[in-house]
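**Q** I would like to see how this sequence folds:
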Amino acid sequence: MRPIVEFCTNNMHHGTDDVMRKLEENPDIDVIEYGCLGNCGQCYMEPYALVNGEIVAASTPDELYEAIMAKIREWESQFAWLDE
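**A** Coordinates of the predicted model:
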């Protein structure tokens, strides 16, 4: 199972378009862009994305990328026992 990262087109002015492109280069992550994710207040205030349905936000696009990757690692750790 691959993690799903969702972006709002209206949030791209915060620089999330660069984060999205960077994540799209990773074949182990599903990246989806929507016209609106319905989190308008969040979208207006800061860079954010949804990682497996959970809001991940940061002050800068670089911090957002790191926060997304940390959330993905946290999510993957829940399934680590399957590899044992």
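
**Q** alpha carbons only: can I get the helix or strand bottoming out on mean pLDDT in the chain in CSV?
**A** None of the helices or strands of the chain scores lower by mean pLDDT, DSSP states H and E than helix 40-45, at a mean of 93. Output of helix 40-45 as CSV, limited to C-alpha atoms (Å, rounded to 0.1, in the frame of the first residue of the first chain):
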residue,chain,number,x,y,z
CYS,A,40,-10.1,27.1,2.8
GLY,A,41,-9.0,28.7,6.0
GLN,A,42,-5.9,26.4,6.2
CYS,A,43,-5.3,26.9,2.5
TYR,A,44,-5.3,30.7,2.8
MET,A,45,-2.9,30.8,5.8
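
**Q** just the residues contacting that helix, thanks.
**A** 8, 10-11, 37, 48, 55, 57 (CB atoms under 8 Å, 6 or more residues apart in numbering). Where you see a C-beta, it was placed from the backbone N, CA and C, and this is true even at glycine.

**Q** now a ChimeraX select for only the buried ones of those residues.
**A** Selection of buried members from these for ChimeraX, criterion 16 or more other CB atoms under 10 Å:
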select :8,10,11,37,48,57
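
**Q** make JSON lines from the contacts of helix 40-45 and add distance to residue 64 and secondary structure to it.
**A** Shown next, in JSON lines, are these (distance: CB to CB, whole Å; DSSP: H, G, I helix; E, B strand; the rest coil):
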{"residue": "8", "distance to residue 64": "12", "secondary structure": "strand"}
{"residue": "10", "distance to residue 64": "15", "secondary structure": "helix"}
{"residue": "11", "distance to residue 64": "10", "secondary structure": "helix"}
{"residue": "37", "distance to residue 64": "14", "secondary structure": "coil"}
{"residue": "48", "distance to residue 64": "7", "secondary structure": "strand"}
{"residue": "55", "distance to residue 64": "11", "secondary structure": "strand"}
{"residue": "57", "distance to residue 64": "7", "secondary structure": "strand"}
